[in-house]
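[1] sequence plus the predicted model coming up.
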Amino acid sequence: MIFELRCKAAGGGRRGMLKLPHGTVQTPVFMPVGTAASVKAVEQSVLERMGTDGAGAEIILANTYHLYLRPGHELIARLGGVHRFMGWQRPMLTDSGGFQVFSLSSLRKVTPDGVEFRSHLDGSKHFFSPEHSMDVQIALGADVMMVFDECVEHPATYERTRDSMALTHAWARRSRDHFEANKHRVPWFAERDGHAQSLFGIVQGGMYADLRKESAERLVELDLPGYAIGGLAVGEPREVTREMIARTLEWLPKDKPRYVMGVGYPDEIEEYAKLGVDMMDCVLPTRAGRHGLVFARAEDGSIVRMNIKRKEYAEDSGPIDAACGCMTCARYSRAYLRHLFVAGEPLALTLNSIHNLHFYLATMERVRAELAA
RNA sequence: UCCUGAGUAGCUCAAUGGCAGAGCAUUCGGCUGUUAACCGAAGGGUUGUAGGUUCGAGUCCUACCUCAGGAG
């Protein structure tokens, strides 16, 4: 993996390129989330063609925990890795399953060694350790892997946050050690000019700046190729999210990619990119789209939320956003999209998701253009 | 014409003679490293009509209306 910075803007924002085994990603980048090896409701070739410049989604996420449970990482490895399995030839990042420790909290028990999960699918018991997460991610074979971490709930006391963070650090070291010892097990990476999978660290520390600082420093000691900021947008006010990101960026290496996990609304990803965040991912464009919320830009450039279910769109012959260049806006009216949604037609989920993803990708294209200027 | 059964929210249906409810639909809201085509809220009623019994009737009685099935 090679990260090249082209230019840095006054506010901290950076324009760069991330060269990964499956291709180059222009940063700052937004990464659509494809948890179960599918960006829900959107087909892969459509993902590739999105965006104002036609570049499409340059990198997407998949999830370790979900693919481990179904269909199983060993099955995917036998079929040649997650890229071949899902027909996606561009870069991919796998999340470690750490977030599921948080989001499936009622189904798990955390110990220093790892996490005992109960499958949300069939109740069966499973154990996830840093080593196991690495094994699963190596088998999946994404371009970028994440260390196994614990995402602390909000609100959390200082002591709880500090203890959780310490666990995350221990797990990060174990993740790295196991990854370094086993990373050559992926045969299909050998063919790619020496490019191998990369492992990113994850800064935790809740909403406590001093813990964030300590977390960043401890992770930097591991000398990983990239660092993520995790544990944000879990219910805290937006100003706090922004503050934690801005502060944490100060303590991370300037020459390595910085990734904020799980954010955000369109105005947030724009804001964070301008602060110097290089990578972001979020389920919002796809989930909100499937739930009838689409984003649009008003004439003054501000971002508006549009609930396509609303009656006021029933006879609205215009597109979601006349200035949008996506497939959905090029062809379909608000009235039709509302009809599809209200009628429960699956196409509604697809068209809304396509629009929202395009909106996010186009937003990042604008930011990149601004940062390069 | 007679017999039987059924009429309760827009729809499908609950409710010992004791505060008239649910699901769906409608309208609106929420969604941030996906347990999510999901979750939540609101509006919506002269219980077919008219009488009667009762402290009290969606519920019991009488007549009528409508619908379904059956008989002739």
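    Arrived safely, thanks for sending.

[2] okay, and A:L47 sits in which element?
    Element membership for A:L47, per DSSP states H and E: helix A:44-48.

[3] toward the C-terminus from that helix, list the very next helix or strand.
    Counting by DSSP H and E, what follows helix A:44-48 is strand A:60-63.

[4] and that next one, what does it pack onto?
    Where contact means 3 or more C-beta pairs under 8 Å, 6 or more residues apart in numbering; DSSP states H and E, strand A:60-63 is packed against strand A:29-32, strand A:92-95. C-betas here are computed from N, CA, C, even on glycine.

[5] partner strands of the last one and their direction?
    Strands adjacent to strand A:92-95 in the sheet, as given by DSSP bridges, are strand A:60-63 (parallel), strand A:144-146 (parallel).

[6] out of these, which comes closest to A:M327?
    Nearest to A:M327 among the strands paired with strand A:92-95 is strand A:60-63 (17.6 Å), distances taken as C-beta to C-beta.

[7] tell me the gap between that closest one and the middle of its chain.
    Relative to the mean C-alpha coordinate of its chain, strand A:60-63 is positioned 7 Å out (C-alpha atoms, centre = their mean, to the nearest Å).

[8] on that earlier part again, which of the strands paired with strand A:92-95 is buried the deepest?
    Of all these, strand A:144-146 has the most neighbours on average by mean count of other C-beta atoms under 10 Å, namely a mean of 27.

[9] quick one: mean pLDDT for that strand?
    Average pLDDT, strand A:144-146: 97.

[10] how far out from the middle of the chain is it?
    Computed by C-alpha atoms, centre = their mean, the chain-centroid distance of strand A:144-146 equals 11 Å.

[11] who's in contact with the residue in the stretch 101-250 of chain A positioned nearest to RNA strand B?
    Residue nearest to RNA strand B within the stretch 101-250 of chain A (C-beta to the nearest atom of the strand): A:C151, separated by 2.4 Å. Neighbour list for A:C151: A:98-99, A:101-102, A:204, A:230-231, A:234 [criterion: C-beta atoms under 8 Å, 6 or more residues apart in numbering].

[12] check the residues you listed one by one and keep those near RNA strand B.
    Restricting those to those touching RNA strand B (C-beta under 7 Å from any atom of the strand) yields A:98-99, A:102, A:204, A:230-231, A:234.

[13] my read is that A:V283 contacts A:V33, right?
    Yes: with contacts counted by C-beta atoms under 8 Å, A:V283 reaches A:V33, the gap being 4.8 Å.

[14] list just the one of the strands paired with strand A:92-95 that sits closest to A:M17.
    Closest to A:M17 of the strands paired with strand A:92-95 is strand A:144-146 (C-beta to C-beta; 14.5 Å).

[15] circling back to that earlier point, go through the helices and strands packed on strand A:60-63 and name the closest to A:R334.
    Taking the helices and strands packed on strand A:60-63 one by one with C-beta to C-beta, strand A:29-32 is closest: 23.3 Å.

[16] neighbour count winner among A:V283 and A:V33?
    Comparing A:V283 with A:V33 by other C-beta atoms under 10 Å, the one with more neighbours is A:V33, at 21 against 16.

[17] identify the bridge partners of that one.
    Residues in beta-bridge contact with A:V33 (DSSP bridges): A:L61.

[18] quick check: it touching A:T286?
    Yes: the pair A:V33 / A:T286 is scored as a contact, 6.6 Å apart, by C-beta under 8 Å.

[19] where do the contact lists of these two overlap?
    Taking C-beta under 8 Å, 6+ apart as the criterion, A:V33 and A:T286 both touch A:V39.

[20] quick one: mean pLDDT over the helix of greatest length in chain A.
    Taking DSSP state H as the criterion, chain A has its longest helix at helix A:346-372. Mean pLDDT, helix A:346-372: 97.

[21] and stretch A:286-299, by the same measure?
    Mean pLDDT, stretch A:286-299: 97.
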